[in-house]
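Trainee: Fold the following and give me the result.
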Amino acid sequence: MAEKKRPRRTRERILETGLALFNQLGATRVTTADIADEMNISPGNLYYHFGNKEEIVFALYEGYEAQVSPLYADPGGRRIDADDLWLWLHLLFEQNWRYRFLYRDLDELVTRDRKLGARVGALLRKGERTVLKLCRAMVGSDTMRASDREIEALALNVILVASYWPSFDRIRKAAVDEATEPEAGRAAYQVLALFGPYLGDVARPYLDRLSADYL
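Mentor: A predicted model of the protein is given here:
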């Protein structure tokens, strides 16, 4: 006999509904009443689980952080090539799209909630340190050639583009009436292109093949 699927708890449904509405409309335009109405529950039922919208946003951020934190693990001295970097970026962009509301309204969200701002800032710095380590590993394996100063600038640019790509891509496509569905592979390529001037003779053809697929 097939095992019955456990019904979702109200708290889980609030987070799922909140995430969907935040991604669609932007967190600043959605109220707790909107979430309760979408779920067909009373506001009081929602407030039993979350005291306000900021608590819902923070809980969703914790879910996002749990998904991306493994990507920021220390590479541990293993050999890193361009394919590893592309996969890393692809996985990162998949999560950034899944929780795209965070970066869509990032400045306002962190201004309203200092605790959230501290957590986001710490994660961005962790991401920058991870890219530094990945770059140094690639230099060590002769996959790329770059000075420490160039690597530091590159790491910051990678996190900057990765953080704001979903919003940029949404606005860019809307301006020409294109579909707003993202392409994690295209986004990963766009960031990987930043590495182009530093890639060695072996890794550079890999980037050229990717450009044929995504441009």
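Trainee: Tell me how far the helix or strand hosting Ala118 lies from the chain's centre.
Mentor: If you go by DSSP states H and E, Ala118 is part of helix 114-140. Here helix 114-140 is found 13 Å from its chain centre; the criterion is Cα atoms, centre = their mean, to the nearest Å.
Trainee: Val30 contacts Ala20, correct?
Mentor: No: between Val30 and Ala20 there is no contact under Cβ atoms under 8 Å: 9.7 Å. Glycine gets a C-beta too; all of them are placed from N, C-alpha and C.
Trainee: Between the two, which contacts overlap?
Mentor: Between them, Val30 and Ala20 share no contacting residue under Cβ atoms under 8 Å, 6 or more residues apart in numbering.
Trainee: Same drill for these two, tell me which one is more crowded.
Mentor: Shown here are Val30 and Ala20; by other Cβ atoms under 10 Å, Val30 has more neighbours (22 against 14).
Trainee: The more buried one: what's its closest spatial neighbour, skipping adjacent residues?
Mentor: Nearest non-adjacent residue to Val30, counting by Cβ to Cβ, 6 or more residues apart in numbering: Leu21, 4.7 Å away.
Trainee: Equivalent analysis for Ala188, please.
Mentor: Excluding the flanking residues, the one nearest Ala188 by Cβ to Cβ, 6+ apart is Leu89, at 3.7 Å.
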